[in-house]
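Visitor: 3D, please:
(one chain, ligands or ions: 2)
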Amino acid sequence: MDTDPGVDDAMAILFGLRSPEVQIEALTTVFGNGGVARTTENALKILEVGGRGDIPVVPGAAKPLLHAYHGKGSTVHGADGLGNTNLPAAKGQPLNARAAEYIVQQVMGAPGEITLLAVGPLTNLALAVSLEPAIAHNVKQVVIMGGAVDHRGNASPLAEANIHNDAAAAKIVFHAGWPLTMLGLNVTHQTVMTTAYVEQLKTADTPVTNFICAISQFYLNAYRTRDGIDGFFVHDSSAMAYVVDPTLFQSQKVYVDVQVGDARANGQTMADWRNQWGQPPNVNVCTKVDADRFLKLYQSRIM
Ligand code: BDR
Ligand code: CA
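Guide: Ligands and ions are numbered 1, 2, ... in the order given. This is a model prediction of the structure:
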């Protein structure tokens, strides 16, 4: 799992740890909701909260391929990336390795077995498939939270944050020739976790539910202030949900391209539904989720 924790990354990781369908082999980290030192430290903390400090954490890219890291995630996730909860430092240490190389080793070492689940900017995946293009044919599947098909953006009017953060990397990943499933804002906006939902989780009173409730407060407030809604859209956990139970989703294969560099459209994901560009489909785009069933599944796993 490639991640930039991040409140919703944390919720997705814990969901994965509690789901028997999934075995998390490692967390590779990337800049995004904080700098990579911060997201790496947060990954270690989250695994420790989940009682899985044995899972390796491997640091990855510190910046996008073509430009500097802008560091805007703190307005939604807090300066510490975990809702300004300022938890004590993690006990564990990251591996002395690099995410892109580690991804190559894992995929090539277990042909057809590894799912790459990416819920941050796609820089590590782009670097990995550039180092070793053969991973495209040896990975089981690639599942990403990113983009927005026929839907408004969040980082800009046209672009979703993970793609906007490194559009060039996204373009490489979208055209790498691997089985790629995309959970963009068009589907993640269909599921909302309200304040009442988070409070309900808290009644279990476990370290995991108390942690989720604590880190969610800043995130709920950001949505209240910015979007005027009670609750947050469920981004990264939607991608984990697809890995856990793809029958929650409807999807369709289509050709999708990524806009790179335009002053306004940078990071836009453009789907060619009528095949007017004459290209073969490269992305399995999730279009609909059974939100009620997803919310019940998340609750049952976490509680
Ligand atoms: C994505 O951006 C990040 O802020 C979240 O963690 C999620 O991966 C949503 O656009
Ligand atoms: Ca994320």
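Visitor: and the gap between the spatially closest residue to Pro5 that is not a sequence neighbour and ligand 2?
Guide: The shortest distance from Pro5 to any non-neighbouring residue, by Cβ to Cβ, 6 or more residues apart in numbering, is to Asn42 (4.1 Å). (Each C-beta comes from the backbone N, C-alpha and C, glycine too.) According to Cβ to the ion, to the nearest Å, Asn42 stands 11 Å off from ligand 2.
Visitor: also Val254?
Guide: Using Cβ to the ion, one gets 24 Å for the distance from Val254 to ligand 2.
Visitor: end-to-end on stretch 260-280?
Guide: Using Cα to Cα, to the nearest Å, one end of stretch 260-280 lies 20 Å from the other.
Visitor: ditto for stretch 50-57
Guide: OK, stretch 50-57 end separation, Cα to Cα: 14 Å.
Visitor: buried residues, it. List them.
Guide: For stretch 50-57, burial by neighbour count (16 or more other Cβ atoms under 10 Å) applies to 50, 55-57.
Visitor: flag every residue of the stretch 51-200 of the chain that's near ligand 2.
Guide: Those residues of the stretch 51-200 of the chain that sit near ligand 2, judged by Cβ under 5 Å from the ion, are 119-120.
Visitor: just for the stretch 51-200 of the chain, where's the confidence low?
Guide: Across the stretch 51-200 of the chain, nothing is flagged by pLDDT under 70.
Visitor: near ligand 1, which residues of it?
Guide: Counting by Cβ under 6 Å from any ligand atom, the stretch 51-200 of the chain comes close to ligand 1 at 73, 76, 119-120, 145, 154, 160-162.
Visitor: if we can go back for a sec, the buried residues of stretch 50-57: which two are farthest apart?
Guide: Greatest spatial distance among the buried residues of stretch 50-57 (Cβ to Cβ): Gly50 and Pro56, at 14.1 Å.
Visitor: where along the stretch 151-300 of the chain do the strands fall?
Guide: Counting by DSSP state E, counting those that start in this stretch, one finds strands in the stretch 151-300 of the chain at the ranges 180-183, 192-193, 232-233, 249-258, 269-272, 283-289.
Visitor: let me know which of those strands is tucked in deepest.
Guide: Among these, strand 180-183 has the highest mean neighbour count (mean count of other Cβ atoms under 10 Å), at a mean of 26.
Visitor: run me through the strand neighbours of that strand, direction for each.
Guide: Using DSSP bridges, the strands paired with strand 180-183 are strand 141-145 (parallel), strand 283-289 (parallel).
Visitor: what sits against the residue sitting nearest the centre point of the chain?
Guide: The structure's the chain has its C-alpha centroid closest to Val119; by Cα atoms, centre = their mean the separation is 1.3 Å. By Cβ atoms under 8 Å, 6 or more residues apart in numbering, Val119 lies in contact with 1-4, 6, 8-9, 12, 144-145, 162, 235-236, 239-240.
Visitor: same check on His175?
Guide: Applying Cβ under 8 Å, 6+ apart to His175 gives the contacts Asn282.
Visitor: how far away is it from ligand 1?
Guide: From His175 across to ligand 1, the span is 21 Å (Cβ to the nearest ligand atom, to the nearest Å).
Visitor: mind checking how far that residue is from Pro280?
Guide: 11 Å (Cβ to Cβ, to the nearest Å).
Visitor: and if you look at Gly51?
Guide: 44 Å.
Visitor: cool, Ser19 as well?
Guide: From Ser19 across to Pro280, the span is 33 Å (Cβ to Cβ).
Visitor: over to Ser251?
Guide: As judged by Cβ to Cβ, Ser251 and Pro280 stand 16 Å apart.
Visitor: cool, and Lys140?
Guide: 21 Å.
Visitor: who has more neighbours out of these two?
Guide: When neighbours are counted by other Cβ atoms under 10 Å, Lys140 and Pro280 differ, and Lys140 comes out ahead with 15 against 8.
Visitor: what bridges to the closest residue to Ala239 other than its chain neighbours?
Guide: Closest residue in space to Ala239, ignoring its immediate chain neighbours: Met145 at 3.9 Å, by Cβ to Cβ, 6+ apart. On the basis of DSSP bridges, Met145 is bridged to Leu183.
Visitor: quick one: contacts for Met145?
Guide: Counted by Cβ under 8 Å, 6+ apart, Met145 has contacts 118-119, 162, 183-184, 188, 235-236, 238-239.
Visitor: ok, now with 6 Å
Guide: Shown in contact with Met145 (Cβ atoms under 6 Å, 6 or more residues apart in numbering): 119, 183, 235-236, 239.
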